[in-house]
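Participant: Structure of the sequence below:
(2 chains)
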Amino acid sequence: MFINKSLNGALKNLLEIEDKLICLGEDISDPYGGAFKVTKGLSDSYPEKVISTPVSEAAIIGVGTGLSMLGYKPIIEIMFGDFILLGADQIINYLSKFYSLHNHLKPTSVVIRTPMGGGRGYGPTHSQSLENIFNGYDGLTLVSLNIFTDAGKLLTESVYHNSPVIFIENKSLYGQPNSFNAVPKNSLLESNKSLFPVIKYCTSQMRNADFSLVTYGGMSKIGYEVLNRLYENEQVVGEMIVPSCISDFNYLYDKKILGDINFLITLEESHTNLGFGSEVVSRLKENLSLKHLRIGKTKGIIPNSRKLEDKVLPTVNSVYHDIVKFLERNLM
Amino acid sequence: MIKKLAQQMIRIREVEKTLLELSSKGELQGTTHTYIGMEATAVGIISNLNPKMDYVISNHRNHGHYLAFGGELKPFFAELLGREGALCNGYGGSQHIEWKNFFSFGILGGTAPIACGMALAIKLMNDKPSIIALFLGDGAFGEGVVYEALNITALWELPLFIIVENNGIAQTTPIIKNMAGSIEDRIRAFGIETTVLKTSDVEIISDAAQKIIEEIRLKRLCRCLIINNHRLGPHSKGDDTRSVKEMREAKNDDPLTRIEQKLGKENFMRIQKKVKNEVNQILCEVMKSSAIEDLN
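Facilitator: Alright, predicted model coming up:
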């Protein structure tokens, strides 16, 4: 099963069992079924609960907030992550504040699903990873898909979460197998089994990791391929930590997940300044001997041409090269 | 009936005057936006709602709406003064109030789609003829999200009652300097039936509101009522830049003067005295309670 089918199946199940679940979004109804087909077949089965909306991101997020105030569980699809900015005021100034201020309401969760990221040649306004903008606000939870974690299960957990969730679906993952676990023999893949699992992958069960890579989202696939290539080519053992909830950083302090490390690499699809990696590094810098490298997109807007896009966004080759240079400087 | 409406209007006026006084003494936490001069609108409209099943979504200038909806005074004062027993534990202040079916927010316009969502929930539940009453000021019509919401409420036929309080001035900028066309033309462009009144007579407003509310309950559609009224106080505390002449003209339309004429001076004074005592007594009680020390 692929990740888009897993999400579709989870939505179908939720629509079936939850009276108060409503899907809202632009072009989500059949026969089109959403720009990335995640809602395909749903409006035919549940015409009153799957509603195509006008092109009004701010309003449909506000409608979701209003629905949740009276006990509904709205799942809102924002067609491209880039468009979520049109609803940023509704998310930060209203949705997150209603949950903090209006405590007698006990509102149900609002889930805002949106595809982020590039790798498809969609250019500067349809390829960004903008989740950093929403990360850090009280009353908002950010959940992000990755190659290892069951996408449908993450979506279901988000619906039952006790605060609004921005649910990030990296576009490059839709066509990937769901809950990938076909890792090489003698490597290690484990989950901390929390509701929003943190995954640990290490290329060797026998040796301690030479470095730790913290990443999330679509970059989990690139990180996985780079770690395997580094092990084969350079015999360097890397471990990779992949959280599915990216607004909670507590896993960084869990010794079972991230032991004593000396070399830390962060990898994200967005820019590295003031981002996910900066947060991870600053939290772990209390360990002063730590050497670190932040990897992300290079400066500049995301080009439309695929060849140029690959020069801006992290790829298997660029990440591999960055890590080798970093390790050569410090380790090899 | 008129006595009850008058009592509510006088109560709003007395509360607002008290708040401005507290503000000048530095007792008030943060800002406040008083409803002075607009009392007939809140009372005329909200007295026709059913607080058990209807909802009010208000804005920054919310005190009149809150009190007209039956909001309790003691926790309200406590919220604005940061005292124990506050409505939102000292987090909301003047602008962000929640009490039973009443909600208000401090930024203009963004409440419109939220009210649509609540109205959609009411429509989907289809068990009570509830309505959502959304209060917007003329200033909110500069915000794009309002038009997204107008489109959705008309398109989806939501039981939403939009009340536009056009006091003709957005903070310090008069409407002629910030609006092309008119509010009613903009709303009618979405096919929303709109009634326009220019009055400070609470009975006229109440009659119009009653008809519209009955229609929304029956037909489950969006309707709009625009009340052209006057703000007789500053935008917030001391920021009124209008001329003496403008203020004199506005004061000719004071809804409390109108109600005094209807009731007779003696009746009016009797109610006013009673209300003043009540407000002072509650304020004294709140002032005696301790400041909120603990975060939620």
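Participant: Secondary structure class of the residue of chain B found nearest chain A, three-state.
Facilitator: In chain B, the residue that lies nearest chain A is residue B:117 (2.1 Å; CB to the nearest CB). All C-beta spots, glycine's among them, are computed from the backbone N, C-alpha and C. Using DSSP: H, G, I helix; E, B strand; the rest coil, the structure places residue B:117 in helix.
Participant: tell me the contacts of it?
Facilitator: A:62-69, A:74 (CB atoms under 8 Å, 6 or more residues apart in numbering or on different chains).
Participant: do residue A:159 as well
Facilitator: A:14, A:18, A:21, A:73, A:75, A:109, A:111.
Participant: Could you find the closest non-adjacent residue to residue A:187?
Facilitator: In this structure, residue A:187 finds its nearest non-sequential neighbour in residue A:203, 5.1 Å apart by CB to CB, 6 or more residues apart in numbering or on different chains.
Participant: Next one: residue B:294, what pLDDT does it get?
Facilitator: The per-residue pLDDT reported for residue B:294 equals 83.
Participant: rewinding a little: most neighbours among the contacts of residue B:117, which one is it?
Facilitator: Among the contacts of residue B:117, residue A:63 has the most neighbours (other CB atoms under 10 Å in any protein chain shown), with 35 neighbours.
Participant: check which helix or strand covers that residue.
Facilitator: helix A:57-69 (DSSP states H and E).
Participant: Show me where the stretch 1-150 of chain B has its helices.
Facilitator: Taking DSSP state H, counting those that start in this stretch as the test, the helices found in the stretch 1-150 of chain B are B:2-24, B:39-46, B:63-68, B:73-81, B:111-125, B:144-155.
Participant: Would you mind pulling up the elements that the first one packs against?
Facilitator: Helix B:2-24 is packed against helix B:39-46, helix B:63-68, helix B:73-81, helix B:202-219, helix B:255-263, helix B:265-288, with contacts defined by 3 or more CB pairs under 8 Å, 6 or more residues apart in numbering or on different chains; DSSP states H and E.
Participant: What are the contacting residues of it?
Facilitator: Contacts of helix B:2-24 (CB under 8 Å, 6+ apart): B:28, B:32, B:34-36, B:39-40, B:42-44, B:47, B:63-64, B:67-68, B:73, B:80-81, B:94, B:202-203, B:206, B:233, B:237, B:255-256, B:259, B:262-263, B:267-268, B:271-272, B:274-276, B:278-280, B:283.
Participant: And stretch A:296-309, by the same measure?
Facilitator: By CB under 8 Å, 6+ apart, stretch A:296-309 touches A:118-119, A:121-124, A:127-128, A:266-272, A:275, A:277, A:311-314.
Participant: Kindly recompute the last result at 7 Å.
Facilitator: By CB atoms under 7 Å, 6 or more residues apart in numbering or on different chains, the residues outside stretch A:296-309 that reach it are A:118, A:121, A:123-124, A:127-128, A:268-272, A:275, A:277, A:312-314.
Participant: gap between it and the chain center?
Facilitator: 20 Å (CA atoms, centre = their mean, to the nearest Å).
Participant: ends of it, how far apart?
Facilitator: The first residue of stretch A:296-309 is 13 Å away from its last residue (CA to CA, to the nearest Å).
Participant: circling back to that earlier point, since we're on the residue nearest to residue A:187, how many residues are nearby?
Facilitator: Residues near residue A:203, counting by other CB under 10 Å: 25.
Participant: Likewise for residue A:48?
Facilitator: Quick note: residue A:48 (other CB under 10 Å) scores 8 neighbours.
Participant: Do you know the pLDDT at the closest residue in space to it that isn't next to it in sequence?
Facilitator: Leaving aside its chain neighbours, residue A:48 sits nearest to residue B:124 (7.6 Å; criterion: CB to CB, 6+ apart). The per-residue pLDDT reported for residue B:124 equals 97.
Participant: For chain B, what's its nearest residue on chain A.
Facilitator: Closest contact between chain A and chain B, by CB to the nearest CB, is at residue A:66 (2.1 Å).
Participant: tell me the phi and psi of residue A:73?
Facilitator: Here is the backbone geometry of residue A:73 (degrees, to the nearest 10): phi -120, psi 90.
Participant: show me what contacts residue 151?
Facilitator: Looking at chain A here, since you left the chain open. A:3, A:6-7, A:145, A:178.
Participant: please go with chain B instead
Facilitator: Taking CB under 7 Å, 6+ apart, we find residue B:151 in contact with A:54, A:56, B:190.
Participant: pLDDT value on it, please?
Facilitator: Looking at residue B:151, the pLDDT reads 98.
Participant: now it: how far from residue B:124?
Facilitator: Separation of residue B:151 from residue B:124 (CB to CB, to the nearest Å) stands at 19 Å.
Participant: do the same with residue B:263
Facilitator: 44 Å.
Participant: who has more neighbours, these two?
Facilitator: residue B:263 (19 against 16).
Participant: Could you check what's spatially nearest to the more buried one, not counting adjacent residues?
Facilitator: Of all residues not flanking residue B:263 in the chain, residue B:6 sits nearest, at 5.7 Å (CB to CB, 6+ apart).
Participant: Could you report the neighbour count for that neighbour?
Facilitator: 25.
Participant: for the helix-or-strand element of chain A with minimal mean pLDDT, which positions count as buried?
Facilitator: Lowest on mean pLDDT, DSSP states H and E among the helices and strands of chain A sits helix A:96-101, with a mean of 78. Residues A:96-101 are the ones in helix A:96-101 that count as buried (16 or more other CB atoms under 10 Å in any protein chain shown).
Participant: re the thing from before, just among the contacts of residue A:159, which is most surrounded?
Facilitator: Ranked by neighbour count (other CB under 10 Å), these have residue A:75 at the top, with 29 neighbours.
Participant: which SSE is it in?
Facilitator: Using DSSP H and E, the element containing residue A:75 is strand A:73-77.
Participant: Now go through the contacts of stretch A:296-309 and say which are in strands.
Facilitator: When DSSP state E defines the strands, the subset of the contacts of stretch A:296-309 inside them is A:268-271.
Participant: Quick check: the two most widely separated of those residues?
Facilitator: Of all pairs drawn from these, the one with the longest distance (CB to CB) is A:269 and A:271, at 9.3 Å.
Participant: Which one's more surrounded, these two?
Facilitator: Higher neighbour count among residue A:269 and residue A:271: residue A:269, with 28 against 19, using other CB under 10 Å.
Participant: Do I have it right that the more buried one meets residue A:313?
Facilitator: Yes. Between residue A:269 and residue A:313 there is a contact under CB atoms under 7 Å: 6.0 Å.
Participant: Alongside chain B, which residues does the stretch 51-200 of chain A contribute?
Facilitator: Taking CB under 7 Å from any CB of the partner chain as the contact definition, the stretch 51-200 of chain A meets chain B at A:54, A:56, A:58-59, A:62-67, A:69-70, A:72, A:89-90, A:93-94, A:101-102, A:104.
Participant: Just name whatever secondary elements the following helix or strand past the strand holding residue A:75 is in contact with.
Facilitator: Heading C-terminal from strand A:73-77, the first helix or strand you meet, by DSSP H and E, is helix A:88-89. Contacts defined by 3 or more CB pairs under 7 Å, 6 or more residues apart in numbering or on different chains; DSSP states H and E place helix A:88-89 against no helix or strand at all.
Participant: now helix A:88-89: how far from the chain's centre is it?
Facilitator: Worked out by CA atoms, centre = their mean, helix A:88-89 lies 19 Å from the chain centre.
Participant: who touches it?
Facilitator: With CB under 7 Å, 6+ apart as the test, helix A:88-89 has contacts from A:58, A:133, B:110.
Participant: repeat for stretch B:91-110
Facilitator: The contact list for stretch B:91-110, computed with CB under 7 Å, 6+ apart, reads A:62, A:89-90, A:93-94, A:101-102, A:104, B:29-33, B:51, B:54-60, B:62, B:66, B:69, B:71, B:79-80, B:87-88, B:111, B:139-140, B:143, B:145-146, B:296.
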